[in-house]
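> A structural model of the following input is requested.
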Amino acid sequence: MADVRTKNLPGAARAKASATSAPSKVTRSTLPEFEREPTRGPGDHDGFLQGQGAHVTSKAGHVATGFELGGARGSPPVEHAFERLDATAAASLATLAKAFAAPELQAVLGTPPHFTKSDLTSMGLHGTLRGQSLATVAPALAGALGEAANFLRARPNAAFLAQLSPSKGITAEELASARLAGFSAPHAAMLKEALTAFAKSAAAVTPGDTAPEGHAFTLAEVTTLAAGGACPDGQELAAAIPDSKARQAFQSAAALIAQNPAVFRQLDLSGPGMANMAMTNGKFTATDINRLLGANGLSPLPHRPTFDALVKATLPQVVKPFTRPVEIHDVDQAKRAELARLYTAWADETGMVAHHQAWHSENGSGGTKGKGSGEKFLQFHAQMGEEFRQYLLDQKPPRTDLFDANGNLPTWDTLQPLPKEFWEGTVKHQIDWRLPGFLSPEPRKGETFTLDGRTITCLNDIKSPDELGRVWGESGAHAVAHNQLGAEMAGFASVRDPAFLLWHFGVIETNRAEWLDTESGKAWTAAHPSGWTDPFADAGKVKSPPRGIALGAKYPQQPRGPFWTDDQIREAGVGFVDPAKRRAASDRVATTPRAVP
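Okay, the predicted model is just below:
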């Protein structure tokens with residue numbers, strides 16, 4: 001179960017995999033290099049632990065991130081932070097995809113084109129592919145293929161290879177399947193193995209603890225154990241776990257927990273009764289691990305990005321062209337009903353209503369609190385959309401039938417009525433509104449917006465996702481559907497309404513994709529390939545998240561009246577079909593100073 005409650009990819013990881021680097025000598029220690037990771041302060045469980053983000057360059061010259069545990073001598077260091085692992089995995093898969101498309105490799109890869117596990121070994125160790133030197137036959141891809149091979153063949157990354165190569169070889173079709181599914185399956189496999197190893201040896205490192213459920217580990221203790229430090233009772237780790245393989249597995253598991261705050265958070269929430277309480281105690285026991293494993297309750301990351309989302313962040317030259325999603329009225333009724341049902345189920349299962357209220361209570365209506373608020377608003381809701389996408393893919397069987405041919409969720413033509421399947425939580429079923437000129441590819445006379453003293457006439461005048469989010473917020477465009485559909489949609493509980501799906505993940509996300517397709521958007525992605533300032537930003541973080549709420553529960557402090565009210569709709573009112581609504585919005589702009597809700 002995905003969860004944005006504290007974050008969307010924890011921390012501010014800015015991984016840049018070097019899959020497109022110039023040809024280089026392929027060695028056993030070849031790894032993609034990463035930028036230095038900013039660190040967070042003590043006790044910030046939603047970011048990386050203090051000091052864990054720094055990278056250390058070894059004498060061999062490779063850049064190691066986090067802890068180097070396990071693996072044979074000379075093999076790549078083991079990485080335990082999921083988002084950096086995923087970035088490297090995405091770069092590796094992208095490199096294999098480029099190899100399948102490279103004319104110079106077609107004859108070498110055979111019919112049908114494929115890589116075997118032996119190919120990975122020869123590329124990683126010797127820089128050769130089926131007896132031919134990569135530097136000779138494919139010099140532009142030689143270095144990247146070596147790096148990809150070394151990553152995939154490393155034993156700690158076996159779960160990634162298992163997903164990519166269910167048969168004897170890796171084919172383009174299997175690569176495409178992994179591209180759609182993302183990395184949730186490898187995460188789950190790695191977590192199960194690691195947490196089982198931790199639980200198995202937990203008693204050995206705390207023999208004096210007689211608590212019924214075993215020793216309650218803190219984050220600081222787990223971090224110390226991951227680094228090979230003393231056990232909680234003071235004994236040396238080597239003395240507590242004499243067997244080197246068991247000790248190595250325990251340390252690796254500790255590192256995985258320490259470097260992935262979402263994993264620690266789930267363990268923290270897993271104690272008896274915790275599932276229905278908005279609190280944590282900052283500790284977990286081996287019994288908590290077994291309880292979670294037994295209930296299949298593990299969610300590797302609050303946000304499990306797809307291959308395409310990651311590859312944008314790691315390969316600057318990969319640009320996904322804009323394709324307009326299918327319009328919801330063109331989706332058959334049965335699929336509309338299923339999409340609406342699964343969306344509400346996802347929102348209830350993740351306790352999203354409570355988090356949505358907490359976020360808006362701290363951040364206003366979205367994009368209305370000056371610089372920085374616009375991108376935070378867009379990215380938080382986009383990350384929710386990605387989580388829902390993953391929820392659909394996690395169904396058995398995966399609900400790929402609910403995406404269009406390009407993998408998009410449906411959008412909504414807002415001049416048409418809301419389909420009946422999406423009425424839950426609304427009192428009106430039509431907004432009769434279209435995007436104004438300042439949020440459209442082409443300008444329209446009299447439909448402008450002023451941002452920071454600059455006139456915005458169309459999408460191309462917007463220079464960043466932050467500006468886009470602020471235009472949506474400050475003009476009142478975001479408030480339109482919430483306000484006009486009314487009832488639950490006008491308040492914080494709107495996040496569980498199927499109409500929210502069409503409005504945020506359909507209309508607003510499609511508009512952001514349209515902006516990325518403008519010249520200004522392309523200039524932005526040239527410097528920010530993911531489309532965001534920081535693709536791993538903690539956009540959904542709140543100061544006091546209501547943790548561990550009961551399924552389907554609502555935050556106890558629901559607003560008495562609607563949150564998205566008429567007075568928030570200002571310049572965006574020019575998009576209404578009704579002349580009276582247009583005049584009301586125009587009068588509001590002329591007579592009422594802009595509020596910051």
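> please, where are all the strands along the stretch 251-400 of the chain?
Assigned by DSSP state E, counting those that start in this stretch, the strands in the stretch 251-400 of the chain fall at 283-284.
> mind listing the helices for it?
261-268, 286-295, 307-314, 333-349, 352-363, 373-394 (DSSP state H, counting those that start in this stretch).
> angle of the longest one against helix 352-363?
Here helix 373-394 points in a direction 170 degrees away from that of helix 352-363 (axes from the mean of the first three to the mean of the last three C-alpha atoms, to 10 degrees).
> give the next helix or strand downstream of helix 373-394.
Sequence order places strand 449-451 as the next helix or strand after helix 373-394, per DSSP states H and E.
> which helices and strands does that next one pack with?
strand 454-456, helix 465-474 (3 or more C-beta pairs under 8 Å, 6 or more residues apart in numbering; DSSP states H and E). Placement of C-beta: from N, CA and C, glycine included.
> outside of it itself, list whatever touches it.
436, 438, 455-456, 467, 470-471, 474-475, 571 (C-beta atoms under 8 Å, 6 or more residues apart in numbering).
> could you dump these into TSV and include distance to residue 581?
TSV is the format used below for these (distance: C-beta to C-beta, whole Å):
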residue	distance to residue 581
436	13
438	17
455	23
456	21
467	26
470	23
471	19
474	18
475	14
571	13
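> ok, so of these, who is nearest residue 488?
Minimum distance to residue 488 across these is 23.7 Å, recorded for residue 475 (C-beta to C-beta).
> rewinding a little: for the helices of the stretch 251-400 of the chain, which one sits closest to residue 215?
Closest of the helices of the stretch 251-400 of the chain to residue 215 is helix 286-295, at 7.7 Å (criterion: C-beta to C-beta).
> how far does that closest one sit from the chain's center?
25 Å (C-alpha atoms, centre = their mean, to the nearest Å).
> buried residues, that helix. List them.
For helix 286-295, a neighbour-count test (16 or more other C-beta atoms under 10 Å) marks 286-293 as buried.
> try stretch 205-218
Here stretch 205-218 shows 205-206, 214-218 as buried, counting by 16+ other C-beta under 10 Å.
> need those residues in a markdown table (columns: secondary structure).
Putting the buried residues of stretch 205-218 into a markdown table (DSSP: H, G, I helix; E, B strand; the rest coil) gives the following:
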| residue | secondary structure |
| --- | --- |
| 205 | coil |
| 206 | coil |
| 214 | coil |
| 215 | coil |
| 216 | coil |
| 217 | strand |
| 218 | strand |
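> so what's the nearest residue to residue 130 once chain neighbours are set aside up against?
Nearest non-adjacent residue to residue 130, counting by C-beta to C-beta, 6 or more residues apart in numbering: residue 108, 5.8 Å away. For residue 108, the contact set (C-beta under 8 Å, 6+ apart) comprises 129-130, 132, 137.
> ok, residue 108 to residue 254 distance?
Residue 108 is 43 Å from residue 254, where distance means C-beta to C-beta, to the nearest Å.
> hey, C-alpha coordinates of the host helix or strand of residue 514 in CSV?
Element membership for residue 514 (DSSP H and E) is helix 509-516. Only the C-alpha atoms of helix 509-516 are listed here, as CSV (Å, rounded to 0.1, in the frame of the first residue of the first chain):
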residue,chain,number,x,y,z
GLU,A,509,-1.7,16.9,-14.5
THR,A,510,-2.5,17.1,-18.3
ASN,A,511,-2.1,20.8,-18.1
ARG,A,512,1.3,20.4,-16.5
ALA,A,513,2.3,17.9,-19.3
GLU,A,514,1.1,20.5,-21.8
TRP,A,515,3.3,23.1,-20.2
LEU,A,516,6.3,20.8,-20.3
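> in it, what's buried?
509-516.
> what's next to it, contact-wise?
Applying C-beta under 8 Å, 6+ apart, the contact partners of helix 509-516 are 322, 324-325, 378, 381-382, 385, 409, 411, 435, 439, 441, 459, 462, 465, 468, 472, 521-522, 524-525, 531.
> re the thing from before, just the buried ones among the contacts of residue 108, please.
Among the contacts of residue 108, the ones that count as buried by 16+ other C-beta under 10 Å are 129, 137.
> now tabulate the contacts of residue 108 in CSV and tack on pLDDT and secondary structure.
Converted to CSV, these look like this (pLDDT from 0 to 100; DSSP: H, G, I helix; E, B strand; the rest coil):
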residue, pLDDT, secondary structure
129, 94, strand
130, 93, coil
132, 92, strand
137, 92, helix
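> identify the farthest-apart pair in the contacts of residue 108.
With C-beta to C-beta as the measure, no two of these lie farther apart than 130 and 137, at 9.7 Å.
> so which of the helices and strands packed on strand 449-451 is the most surrounded?
Compared across these, helix 465-474 shows the largest average neighbour count, a mean of 26 (mean count of other C-beta atoms under 10 Å).
> name the next helix or strand downstream of that helix, please.
helix 477-485.
> over to residue 115. Which of the three states is it?
Once three-state DSSP is applied, residue 115 turns out strand.
> residues contacting the residue lying closest to it once chain neighbours are set aside?
Distance criterion C-beta to C-beta, 6+ apart; nearest residue to residue 115, sequence neighbours excluded, is residue 170 at 4.3 Å. By C-beta under 8 Å, 6+ apart, the residues touching residue 170 are 96, 114-116, 164.
> at 10 Å what do you get?
Residues near residue 170 by C-beta atoms under 10 Å, 6 or more residues apart in numbering: 93, 96, 100, 113-117, 119-120, 152, 161, 164, 178.
> just the buried ones out of these, please.
Among these, those classed as buried by 16+ other C-beta under 10 Å are 93, 96, 100, 113-115, 119-120, 152, 161, 164, 178.
> out of these, which sit inside helices?
Judged by DSSP state H, those include 93, 96, 100, 119-120, 152, 161, 164, 178 as members of helices.
> of these, which is the nearest to residue 370?
residue 93 (39.0 Å).
> can you tell me how far the closest one is from residue 493?
According to C-beta to C-beta, residue 93 stands 39 Å off from residue 493.
> quick one: low-confidence parts of the stretch 401-550 of the chain?
Across the stretch 401-550 of the chain, the ranges flagged by pLDDT under 70 are 536, 544-550.
> residues of stretch 323-332 that come out buried?
Under 16+ other C-beta under 10 Å, the buried positions of stretch 323-332 are 325-328, 331.
> how long is that stretch from one end to the other?
One end of stretch 323-332 sits 20 Å from the other (C-alpha to C-alpha, to the nearest Å).
> what sits up against that stretch?
So stretch 323-332 is contacted by 335-340, 402-413, 416-419, 421-422, 501-502, 505-507, 509-510, 513-514, 517 (C-beta under 10 Å, 6+ apart).
> just the buried ones from these, in PyMOL syntax?
A single PyMOL command is used to select the members of the contacts of stretch 323-332 judged buried by 16+ other C-beta under 10 Å:
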select buried, resi 336+337+338+339+340+402+403+404+408+409+410+411+412+417+418+419+421+422+501+502+505+506+507+509+510+513+514+517
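> residue 446 and residue 573 touch, don't they?
No: under the criterion of C-beta atoms under 10 Å, residue 446 makes no contact with residue 573, lying 11.9 Å away.
> quickly list what's touching both of these two.
Residues touching both residue 446 and residue 573 (C-beta under 10 Å, 6+ apart): 436, 586.
> looking at these two, which is more packed in?
Remark: of residue 446 and residue 573, residue 573 carries more neighbours, 24 against 9, as counted by other C-beta atoms under 10 Å.
> please, which helix or strand holds the closest residue in space to that one that isn't next to it in sequence?
Spatial nearest neighbour of residue 573, chain neighbours left out: residue 585 (2.1 Å); criterion: C-beta to C-beta, 6+ apart. Using DSSP H and E, residue 585 sits in helix 579-591.
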